[in-house]
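Student: Sequence first, then the predicted structure:
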Amino acid sequence: MFDINTIEVIKKIYYDYPNRLKDVLTSLSERQQISKEWLVEKLNEYKHPYRNKLKGGDLTITILCCWYGMLAYKLVEKFKQKIFRIHCVDFDFKSKRINKRLFRKIDNENLRKGILTQIKFWERDIKDFPDKEYSESDIVINTSCEHLHQQTIYDTIDKLERGTLVVLQSNNYHKLQEHINTVKDLQEFVSQYQSRLINIEMYEKDFLEYKRFMILGLKR
């Protein structure tokens, strides 16, 4: 996804946002790349029909707590269904500015290739994302469950229409203070959502010092 030009972009980000360098580099790390590509792979393999997939229409995808938005570009690149729009939602007001710098070259290349998927960045808390946009989303993704209070995650799922495909990731890396909602294993993670989701498919990936868990399921 990235080439040597990314180094120049990151240098410019460092000059303008020096306290964000580590965070930006972490967002582009090998493990982040693996986790995002793993998600798209399993999303492509999901067997159960969900909202617009049945109608054959273009999909609207919402990514909650999107960080700098790399997952959106992985979806544009590798998701097999046709996407109409991707909403990227993050409360960090600098995330959009950094996103535009990181992915400007890819945006321009996609435009030249005629890839017209709209990626819209929302600088707001996921609790303040409009209910209308939640209800019109065919797929809702949250890869940061460990950073959120459980009730906040439940509240977002409750706003979705029946049949919406929900994709969630969490982990058992308890050492970070900002990880306020980790789980001990995959079964615990799944058990948190069985009352809200059906046709659940579950996966885990071992990163040695911790495991990453993922579930895909349909809103009841």
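Tutor: Perfect, thanks for sending it.

Student: can you tell me which helix in this protein is longest?
Tutor: Taking DSSP state H as the criterion, the chain has its longest helix at helix 95-112.

Student: Give me the buried positions along stretch 140-159.
Tutor: Applying a neighbour-count criterion of 16 or more other CB atoms under 10 Å, one finds 140-148, 152-153, 156-157, 159 buried in stretch 140-159. C-betas here are computed from N, CA, C, even on glycine.

Student: and the spatially closest residue to Phe91 that is not a sequence neighbour, how many neighbours does it have?
Tutor: Nearest non-adjacent residue to Phe91, counting by CB to CB, 6 or more residues apart in numbering: Asp125, 4.4 Å away. Using other CB atoms under 10 Å, the number of residues around Asp125 comes to 14.

Student: how much space is there between Lys12 and Leu71?
Tutor: Lys12 sits 23 Å away from Leu71, going by CB to CB, to the nearest Å.

Student: neighbour-wise, which of these two wins?
Tutor: Leu71 (23 against 10).

Student: That one touches Asn142, doesn't it?
Tutor: No. Counting by CB atoms under 8 Å, Leu71 does not reach Asn142; the two are 10.5 Å apart.

Student: what residues do the two have in common as contacts?
Tutor: Here Leu71 and Asn142 have Ile63 as joint contacts, going by CB atoms under 8 Å, 6 or more residues apart in numbering.

Student: Quick one: the strands in the protein, in order.
Tutor: 59-64, 83-90, 118-123, 139-142, 165-171, 197-206, 211-219 (DSSP state E).

Student: Flag whichever of the ones you listed has the least confidence on average.
Tutor: For these, mean pLDDT drops lowest on strand 118-123, to a mean of 91.

Student: Quick one: distance of that one to the chain centre.
Tutor: 13 Å (CA atoms, centre = their mean, to the nearest Å).

Student: And for stretch 122-141?
Tutor: With CA atoms, centre = their mean, you get 12 Å for stretch 122-141.

Student: what's next to it, contact-wise?
Tutor: Residues contacting stretch 122-141 (CB under 8 Å, 6+ apart): 39, 43, 50-53, 59-65, 71, 87-93, 95-96, 142, 152, 155-157, 159-161, 164-168.

Student: mind checking how far the residue most central in space within the chain is from Ser195?
Tutor: A centroid search over the chain (CA atoms, centre = their mean) returns Ile63, at 4.3 Å, as the residue closest to the centre. Ile63 sits 24 Å away from Ser195, going by CB to CB.

Student: How about Lys12?
Tutor: Going from Lys12 to Ser195 by CB to CB gives 47 Å.

Student: With respect to Arg31, which of the strands of the chain lies nearest?
Tutor: strand 211-219 (8.3 Å; CB to CB).

Student: Give me the helices and strands touching the closest one, please.
Tutor: With contacts taken as 3 or more CB pairs under 8 Å, 6 or more residues apart in numbering; DSSP states H and E, strand 211-219 sits against helix 30-45, strand 165-171, helix 186-191, strand 197-206.

Student: Distance to Gln118 and mean neighbour count for the ones you listed - can I get that in CSV?
Tutor: Converted to CSV, the helices and strands packed on strand 211-219 look like this (distance: least, CB to CB, whole Å; neighbours: other CB atoms under 10 Å):
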stretch, distance to Gln118, mean neighbour count
helix 30-45, 18, 16
strand 165-171, 19, 24
helix 186-191, 32, 16
strand 197-206, 27, 15
